[in-house]
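J.: Coordinates for the following, if possible.
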Amino acid sequence: MLILRYDGVVAQEDTGTEQYLLGSTGYLLARVGMEARRAWAQMLGGLGLTPHQFGMLMALVPLTAASQQQLSRAVGVDPRNAAVLVGSSVAGAALG
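T.: Here you go, the predicted model:
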């Protein structure tokens with residue numbers, strides 16, 4: 001069996017458990033979601049952003065101006081972690 005990953009294809013041995021999982025719609029949807037998140041994070045990384053930083057930037061669009069506490073509530077991040085996100089990378093330059 002072959003499993004497609006964002007960075008290539010990895011061959012794995014065929015087992016009964018793998019066949020069972022491949023027959024499960026829920027499992028396959030979870031795998032598609034995981035691969036989509038991975039590809040999206042890789043694309044954002046090329047822009048110097050993390051998914052959390054992107055979320056914070058997107059939350060600012062309707063807010064236009066917000067305190068760190070308002071911004072952290074809008075994106076569901078603990079306010080103590082928001083300071084790290086705001087102060088880092090491209091998001092820090094855009095928000096600062």
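
J.: Where do the domain boundaries of this protein fall?
T.: Per automatic domain parsing, the structural domains of the chain span 2-46, 51-95.

J.: CSV please, covering those and showing mean pLDDT and mean neighbour count.
T.: The way it works is simple: take the backbone N, C-alpha and C, and place the C-beta from them, glycine included. Shown next, in CSV, are the domains of the chain (pLDDT from 0 to 100; neighbours: other C-beta atoms under 10 Å):
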stretch, mean pLDDT, mean neighbour count
domain 2-46, 78, 11
domain 51-95, 76, 15
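
J.: quick one, longest helix in the protein?
T.: Counting by DSSP state H, the longest helix found in the chain is helix 25-46.

J.: centre of the chain versus that helix, how much separation?
T.: Helix 25-46 sits 8 Å away from the centroid of its parent chain (C-alpha atoms, centre = their mean, to the nearest Å).

J.: again with stretch 60-67
T.: Taking C-alpha atoms, centre = their mean, the mean C-alpha location of stretch 60-67 is offset from the chain mean by 21 Å.

J.: List of residues touching stretch 72-91?
T.: 47-50, 52-57, 59, 63, 66, 68-69, 71, 92, 95-96 (C-beta atoms under 8 Å, 6 or more residues apart in numbering).

J.: Those in helices, which ones?
T.: Filtering the contacts of stretch 72-91 for helices - DSSP H - leaves 52-57, 59, 63, 68-69, 71, 92, 95.

J.: okay if I get those residues as a markdown table plus distance to residue 81?
T.: Shown next, in a markdown table, are these (distance: C-beta to C-beta, whole Å):
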| residue | distance to residue 81 |
| --- | --- |
| 52 | 8 |
| 53 | 12 |
| 54 | 15 |
| 55 | 12 |
| 56 | 11 |
| 57 | 16 |
| 59 | 14 |
| 63 | 18 |
| 68 | 10 |
| 69 | 12 |
| 71 | 11 |
| 92 | 14 |
| 95 | 14 |
